[in-house]
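Participant: Next input, structure requested:
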Amino acid sequence: MNKGFRQSQSTLHTWSGLLLGWLLFAIFVAGTSAYWREALNRWARPELAPIASRERVVEGAVAFLERRAPDAQSWFITVPGAESAGGDVFWVPQAKPGEERRRGRRDTRAFIGSDGQEGTARETRGGDFFYRFHFDLHYMPVFWARWLVGIAAMFMLVAIFTGIVTHKKIFRDFFTLRRGKGQRSWLDGHNATAVLALPFHLMITYTGLLTLIAMLMPWAIVANYDDPAKLSAAVFPEAPAVERTERPAPLTPLGPVLRDAERRLGGKVGYVTVFNPGDAAARITLTQSGTSMLSARTPALAYDGVTGRLVWRAPPPGGAVETQGVMVGLHAGRFGDYPMRWLYFLCGIAGSLMVASGLVLWTVKRRERLPDPAHPHLGFRIVERLNVGFIAGFPIAMTLYLWANRLLPVGTEARADAEVNVMFAGWAALFLYALARKPARAWVELLTLQAVLLIALPLYDIIAMPTGLPAAIARGDWVLAGADLTFLALGAGFGFAAWRVHRYRPKARRRTARPTSSIDTAHWAPAE
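Facilitator: Numbering: from 1, shown residues only. Here you go, the predicted model:
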């Protein structure tokens, strides 16, 4: 049969969504949770008190670094925000003769708590892991992981555009939700979650591709910048380097410098870098926080490290750099306050449901067309179990990561890596479970397990932690209270889904001949 344009786009939509749909689901879910990255970082370190003074943390970081690494080449300090539990610091030691200098080693990193002292909290990656996973994945080289994520994002963009073209009644069907109608109900749910946040889906997918543009499409950059140093200077301008004089000089207090920089920048400082600390040629560079502006290419100022005098201001970025910075900022969503963050989060949930319902719809539609629905062929069974393993299994694996944060002994060697290993080991076990059980039972059991695990997290904190929900509400700590309330709400949502799946009974449907000239109203699946 010759297919019309809309029907051919339906086929492209289905297969572009199916082939990498499971990976896209994991990327969407992890990326959605990353909108609360700082809050999860704080939740993962319940021993630490909330931030009362940002300057105190910065000054405490300087005091720590002066004791620990007084002759380092440079110091790096993250200035905490309202949701943080403290500031991360690391330093780059002076390279010894014949020794290669390495940045970011475990023995050159520390965490400064709200009291300005070195933090003694559990080792964890917190929400940072979900943020990195959604574009770097894990257990594979970053280069190949980002290529895989980029290809998946291209498939997603194709699926969105072909879905718009295919769905000629897109806005009318948004207001239609038929319950208990099998395939039709899944299609209505898929349409609703797709249309409800359609601008967000387009924006997040397109800007996600742009964050990887230098790797995916480097030709324009290569054509305009034959010297990598010029490219770096255009995208990441830095103050002129100053050679170390080996003349000792005390570092100026960072508090007044921090206040002056925030006044000049018109926003909060996010990062402080000190070059040549303890030397007469010390320089302090302060970079504006990405939470205070839309563009991710934030401006910076440099001060003399001894006198505290402003010596350099980053030049305004060019049009291309500013555009790319705005695209990255839109994707990350760090520029907004709580209402904007919640909007991003809810739209991310809608995107996750859109991908999940599309994958399930593929099996629902085809089961009705199988010669023997009770005994499907191998390919169909593989897709069914992949759906269970990813759509039900990956959120449980993320919750196991949170439980590992609470249950692993604080003194565990390489504890942060152990939390991640628990997550993936649990996910592998869930996949094996999905292979062994009938899908109808596995869906109910795994969704129920996820509901129990999420609801039990806040209850465990009430019993075992001094930062449980009642205590957090009593002292007005809405970062921790909000995390626990969100876990409860998500747990209730998974519990409702498990109940609905448990009660679902597919109705026997009489097969009738279908006209071959018309386009199937369930056009999200390809014509047979």
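Participant: Can you check which helix is longest in the protein?
Facilitator: Using DSSP state H to assign secondary structure, the helix with the most residues in the chain is helix 338-367.
Participant: Please state the offset of that helix from the chain centre?
Facilitator: Here the centre of mass of C-alpha atoms in helix 338-367, compared against the chain's by C-alpha atoms, centre = their mean, to the nearest Å, lies 15 Å away.
Participant: so F25 sits in a helix?
Facilitator: Yes - when DSSP: H, G, I helix; E, B strand; the rest coil is applied, F25 is found to be in a helix.
Participant: what about the nearest residue to it once chain neighbours are set aside, how many residues close to it?
Facilitator: Of all residues not flanking F25 in the chain, V355 sits nearest, at 4.7 Å (C-beta to C-beta, 6 or more residues apart in numbering). (Each C-beta comes from the backbone N, C-alpha and C, glycine too.) The burial metric for V355, expressed as a neighbour count using other C-beta atoms under 10 Å, is 27.
Participant: go on, the one 4 residues further on?
Facilitator: Burial measure for L359: 22 neighbouring residues, criterion other C-beta under 10 Å.
Participant: so it makes contact with L18?
Facilitator: Yes - at 6.9 Å, L359 and L18 qualify as touching, with contact defined as C-beta atoms under 8 Å.
Participant: what's the overlap in contacts for the two?
Facilitator: Here L359 and L18 have V383 as joint contacts, going by C-beta atoms under 8 Å, 6 or more residues apart in numbering.
Participant: The longest helix of the chain: which residues count as buried?
Facilitator: Neighbour-count burial for helix 338-367 flags 341, 344-345, 347-367 (criterion: 16 or more other C-beta atoms under 10 Å).
Participant: for that helix, what is the average pLDDT?
Facilitator: Predicted confidence along helix 338-367 averages 89 (mean pLDDT).
Participant: Do I have it right that E123 meets V420?
Facilitator: No - contact between E123 and V420 fails when scored by C-beta under 8 Å: they sit 11.6 Å apart.
Participant: list residues touching both of the two?
Facilitator: By the contact definition C-beta under 8 Å, 6+ apart, E123 and V420 are jointly contacted by no residue.
Participant: next one: stretch 278-288 to chain centre, how far?
Facilitator: Relative to where its chain is centred, stretch 278-288 has its mean C-alpha point 32 Å off (C-alpha atoms, centre = their mean).
Participant: swap that for stretch 130-150, please
Facilitator: Relative to the chain's own centre, stretch 130-150 is displaced by 11 Å; criterion: C-alpha atoms, centre = their mean.
Participant: what's the answer for stretch 334-354, then?
Facilitator: Taking C-alpha atoms, centre = their mean, the mean C-alpha location of stretch 334-354 is offset from the chain mean by 11 Å.
Participant: List the buried residues for the helix or strand just after the longest helix of the chain?
Facilitator: Along the chain past helix 338-367, the next helix or strand (assigned with DSSP states H and E) turns out to be helix 378-387. By 16+ other C-beta under 10 Å, the buried positions in helix 378-387 come out as 380, 383-387.
Participant: Check stretch 314-327 too.
Facilitator: By neighbour count, and taking 16+ other C-beta under 10 Å as the criterion, the buried residues in stretch 314-327 are 314, 317, 321, 324-327.
Participant: average pLDDT for it?
Facilitator: Averaging pLDDT residue by residue across stretch 314-327 gives 90.
Participant: Not counting its neighbours along the chain, what's nearest L137?
Facilitator: If you skip the residues right next to it in sequence, L137 has A145 as its closest partner in space, 4.0 Å away by C-beta to C-beta, 6+ apart.
Participant: burial count for the one you found?
Facilitator: Look at A145: counted by other C-beta under 10 Å, it has 17 neighbours.
Participant: can you list contacts of the helix or strand hosting it?
Facilitator: With elements taken from DSSP H and E, the one containing A145 is helix 142-166. For helix 142-166, the surrounding residues in contact (C-beta under 8 Å, 6+ apart) are 5-6, 9-10, 12-13, 16-17, 19-20, 23-24, 27, 134-138, 170, 194, 198, 201-202, 205-206, 208-209, 212, 215-216, 358, 523-524.
Participant: just the buried members of those?
Facilitator: When the contacts of helix 142-166 are checked against 16+ other C-beta under 10 Å, the ones flagged as buried are 9-10, 12-13, 16-17, 20, 23-24, 27, 134-135, 137, 194, 198, 201, 205-206, 208-209, 212, 358, 523-524.
Participant: give the contact list for P395.
Facilitator: P395 sits next to 29, 450, 494 when contact means C-beta under 8 Å, 6+ apart.
Participant: Let me see the contact set for the last one.
Facilitator: What it means is F494. Shown here is F494, whose contacts under the criterion C-beta under 8 Å, 6+ apart are 395, 447-448, 450-451, 454.
Participant: cutoff 7 Å now
Facilitator: For F494, the contacting residues are 447, 450-451, 454, taking C-beta atoms under 7 Å, 6 or more residues apart in numbering as the criterion.
Participant: quick revisit: could you list which of the contacts of helix 142-166 belong to helices?
Facilitator: If you go by DSSP H, the contacts of helix 142-166 have 5-6, 9-10, 12-13, 16-17, 19, 23-24, 27, 134-136, 170, 194, 198, 201-202, 205-206, 208-209, 215-216, 358 in helices.
Participant: Can I get the buried residues of helix 378-387 in JSON lines including distance to M154 and pLDDT?
Facilitator: Formatted as JSON lines, the entries for those read as follows, by distance: C-beta to C-beta, whole Å; pLDDT from 0 to 100:
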{"residue": "F380", "distance to M154": "26", "pLDDT": "88"}
{"residue": "V383", "distance to M154": "21", "pLDDT": "91"}
{"residue": "E384", "distance to M154": "26", "pLDDT": "92"}
{"residue": "R385", "distance to M154": "26", "pLDDT": "93"}
{"residue": "L386", "distance to M154": "21", "pLDDT": "94"}
{"residue": "N387", "distance to M154": "22", "pLDDT": "95"}
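Participant: Reformat the contacts of P395 into TSV and put pLDDT next to each item.
Facilitator: Formatted as TSV, the contacts of P395 follow (pLDDT from 0 to 100):
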residue	pLDDT
V29	97
Q450	98
F494	96
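Participant: Just give me the closest of those residues to R406.
Facilitator: Using C-beta to C-beta, the shortest approach to R406 within these belongs to Q450, at 16.5 Å.
Participant: From G4, how far out is the closest one?
Facilitator: When C-beta to C-beta, to the nearest Å is the yardstick, Q450 and G4 sit 42 Å from each other.
Participant: More neighbours: the two, which one.
Facilitator: With neighbours defined as other C-beta under 10 Å, Q450 and G4 compare such that Q450 has more, 26 against 12.
Participant: check contacts around the more buried one.
Facilitator: Here Q450 is in contact with 392, 395-396, 399, 494 (criterion: C-beta under 7 Å, 6+ apart).
Participant: What separation do you get for it and W443?
Facilitator: From Q450 over to W443 (counting by C-beta to C-beta), the distance is 11 Å.
Participant: Next, the buried residues of the helix holding A145.
Facilitator: Judged by neighbour count using 16+ other C-beta under 10 Å, the buried positions of helix 142-166 are 145-146, 148-150, 152-166.
Participant: swap in stretch 45-56?
Facilitator: If you call a residue buried by 16+ other C-beta under 10 Å, then stretch 45-56 has these buried ones: 45-46, 48, 50-51, 54, 56.
Participant: quick one: which of these is nearest to T486?
Facilitator: P46 (15.8 Å).
Participant: Now do the same for the residue nearest to the closest one when sequence neighbours are not counted: its pLDDT.
Facilitator: Here the nearest residue to P46 in space, its sequence neighbours aside, is T467; by C-beta to C-beta, 6+ apart that works out to 4.4 Å. At T467, the predicted lDDT confidence score is 85.
Participant: Look up how far P50 lies from T467.
Facilitator: When C-beta to C-beta is the yardstick, T467 and P50 sit 10 Å from each other.
Participant: same thing with G17?
Facilitator: Look at G17 and P50: by C-beta to C-beta, they are 42 Å apart.
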